[in-house]
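A.B. asks: With the sequence up front, the predicted model follows.
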Amino acid sequence: MNIHTNGARHSDDAERGILAYLDESIAIRRDLHRHPELSLKEKRTSSVVARYLLSYGYEVTEGVGGHGVVATLKRSKGDKRIGIRADIDALPIIEETGLPYASEHQGVMHACGHDGHTTILLTAARYLAEQSNFSGTLTLIFQPAEEIGAGARAMIADRLFERFPVDAVFGLHNWPGVNAGQFGFVEGPAMASVDKATVRIIGKGGHGAEPHETVDPVLASAGFITALQSIVSRNVDPRQMAVLTVGSIHGGNASNVIPESVELKLTARAYSEAVREKLEHRLVALAKAQAESFGAKAEVDFHRGFPPVLNHVAETVFARTVALRHFPATQIAEDFQPRTASEDFAFMLQERPGSYLFVGNGDSASLHSPHYDFNDAIIAPAAHYWVRLAETYLS
């Protein structure tokens, strides 16, 4: 992929233009933070996003795949088309930040920075509409329901890329613990798949004083949990990544009663489809075999979630080169490693070439923490990056 720039005369224009209305951008971000909405319920958020985009001069389509918003802007006669995506939904978490702009919706919180991602793209959208010269079509995708893995699929099913064609699509996520405003790029697997399983181990309940008269599903569950990690250590190539996590186990209510059954909830993560399939096959087989070894039986409901985020090499090289040309080398993280969290942007990368990149959130609480807050200091550099990416691609 060839990379062209518009010349040194534009070298600081975007940065200055974005900083000129940064206070407004921060106000937008904090308003979104104050009014978070869960997946599939992003009515106010999408309305706010659409209103700003219309005021900037974009052609705006609402209701794409639910509460998705798509904005397009065509300039000159260029035939190249780029898509940039931001997620807009929040999480069912009780906020504990104590911030003056904390969530006003009890039990709902922007604990993953989607308020920031949305603001970054809106900020870039404003500059690109008001002050940028490019040739081609810019498509901005504001996606709902990322947290439950439904939004990308819904927008694609609503013919997102047929109605709004793009040659390549890009997205980003903030990352705590990485220097604020520092960019990270990963070729190939960048984030893991995530699949969920519910395992119900069924035995025979009875009095805790007479265990010989029962088939103890708690003991069988303990055996299964202990054996589970043998899948990672003995069934998966040690050069590959796999994670199996039991996040919930429940059985019984009394200390002196052996319950009839125990229910476990698990997640499985991998960077490749081959390992993903291996985890599913072995998890189901091991649950049933372990249960049977204790005289119990197991029922397994395995649900496929997100595939791994697989960045396309050419688009990732392009994205990184744009950063190197417009930012100091110290602002690009060396040897940035894939993350084992998951992202439904993976579905978009299955439909179109593209890349998912990262921007440091600094020394903040972790994602999905009730203490997390998006770092407003990274709005400007991240928006500046989107501007340079779009201008370069559409030059």
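C.D. replies: Sure, I can see it. Note that the structure is a prediction, hence the values are computed from the model and not measured.
A.B. asks: can you list contacts of the lengthiest helix in the chain?
C.D. replies: Longest helix of the chain, by residue count under DSSP state H: helix 273-293. Helix 273-293 is contacted from outside by 193, 195, 197, 199, 201-202, 217, 220, 223-224, 227-228, 230-231, 235-237, 240-242, 244, 266, 268, 270, 297-298, 300, 302, 307-308, using C-beta atoms under 8 Å, 6 or more residues apart in numbering. Every residue, glycine included, has its C-beta placed from N, CA and C.
A.B. asks: what comes up buried for the helix or strand of the chain with the lowest mean pLDDT?
C.D. replies: Here the helix or strand of the chain ranked lowest by mean pLDDT, DSSP states H and E is helix 13-20, holding a mean of 92. Buried residues in helix 13-20, defined by neighbour count with 16 or more other C-beta atoms under 10 Å: 13-15, 17-18.
A.B. asks: Stretch 163-181 now?
C.D. replies: For stretch 163-181, using 16+ other C-beta under 10 Å, the buried residues are 164, 166-176, 178-181.
A.B. asks: and it, how far out from the chain's middle?
C.D. replies: Centre-to-centre, stretch 163-181 and its host chain are 10 Å apart (C-alpha atoms, centre = their mean, to the nearest Å).
A.B. asks: For the residue nearest the centre of the chain, give me the pLDDT.
C.D. replies: In the chain, the centroid-proximal residue (C-alpha atoms, centre = their mean) is E343; its distance is 3.3 Å. Note for E343: predicted pLDDT of 97.
A.B. asks: again, but for the one 4 residues further on
C.D. replies: The predicted local distance difference test score for F347 is 98.
A.B. asks: Same question for T5.
C.D. replies: So, for T5, pLDDT stands at 37.
A.B. asks: swap in K77?
C.D. replies: pLDDT recorded at K77 is 86.
A.B. asks: how close does it sit to G136?
C.D. replies: 9 Å (C-beta to C-beta, to the nearest Å).
A.B. asks: And Y58, by the same measure?
C.D. replies: Y58 is 15 Å from G136, by C-beta to C-beta.
A.B. asks: can you tell me which residues contact E260?
C.D. replies: 202-205, 217.
A.B. asks: What subset of those residues is buried?
C.D. replies: 202-203, 205, 217.
A.B. asks: Can you give me the buried ones in stretch 58-69?
C.D. replies: Neighbour counts over stretch 58-69 (16+ other C-beta under 10 Å) mark 58, 60, 62, 64-69 as buried.
A.B. asks: re earlier: can I get the buried part of the contacts of helix 273-293 as one PyMOL selection?
C.D. replies: This is the PyMOL syntax for the buried subset of the contacts of helix 273-293, where burial follows 16+ other C-beta under 10 Å:
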select buried, resi 193+195+197+199+201+202+217+220+223+224+228+231+235+236+241+242+244+266+268+270+297+298+300+302+307+308
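A.B. asks: Which elements pack onto the least confident helix or strand of the chain?
C.D. replies: Secondary-structure packing of helix 13-20 (3 or more C-beta pairs under 8 Å, 6 or more residues apart in numbering; DSSP states H and E): helix 114-130, helix 379-393.
A.B. asks: hmm, back to that, how much distance is there from the longest helix of the chain to the middle of the chain?
C.D. replies: Centre-to-centre, helix 273-293 and its host chain are 27 Å apart (C-alpha atoms, centre = their mean).
A.B. asks: after that helix comes which helix or strand?
C.D. replies: With elements assigned by DSSP states H and E, the helix or strand that comes after helix 273-293 is strand 297-306.
A.B. asks: and the next element down the chain from that following strand?
C.D. replies: From strand 297-306, the next helix or strand downstream (DSSP H and E) is strand 309-311.
A.B. asks: Report the buried residues of the following helix or strand past that following strand.
C.D. replies: Downstream of strand 309-311, the first helix or strand assigned by DSSP H and E is helix 313-326. Neighbour counts over helix 313-326 (16+ other C-beta under 10 Å) mark 315-320, 322-323, 326 as buried.
A.B. asks: Could you dump these into a markdown table and include pLDDT and distance to P92?
C.D. replies: Compiled in a markdown table, the buried residues of helix 313-326 are given as follows (pLDDT from 0 to 100; distance: C-beta to C-beta, whole Å):
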| residue | pLDDT | distance to P92 |
| --- | --- | --- |
| E315 | 98 | 34 |
| T316 | 98 | 33 |
| V317 | 98 | 38 |
| F318 | 98 | 37 |
| A319 | 98 | 32 |
| R320 | 98 | 35 |
| V322 | 98 | 36 |
| A323 | 98 | 34 |
| H326 | 96 | 38 |
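A.B. asks: could you dump those to CSV with distance to V359?
C.D. replies: Output for these, formatted as CSV (distance: C-beta to C-beta, whole Å):
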residue, distance to V359
E315, 17
T316, 15
V317, 18
F318, 17
A319, 12
R320, 13
V322, 13
A323, 10
H326, 14
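A.B. asks: Identify, from these, the entry nearest to R352.
C.D. replies: Ranked by distance to R352 (C-beta to C-beta), the buried residues of helix 313-326 are led by E315 at 9.3 Å.
A.B. asks: give the contact list for the residue lying closest to that closest one once chain neighbours are set aside.
C.D. replies: Spatial nearest neighbour of E315, chain neighbours left out: S355 (4.4 Å); criterion: C-beta to C-beta, 6 or more residues apart in numbering. Going by C-beta under 8 Å, 6+ apart, S355 touches 168, 170, 185, 190, 311-312, 315-316, 318-319, 349.
A.B. asks: can you redo the residues you listed as CSV with distance to D115?
C.D. replies: Listed next are the contacts of S355 as CSV, based on distance: C-beta to C-beta, whole Å:
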residue, distance to D115
A168, 26
F170, 19
F185, 24
A190, 22
N311, 25
H312, 28
E315, 26
T316, 26
F318, 28
A319, 23
L349, 23
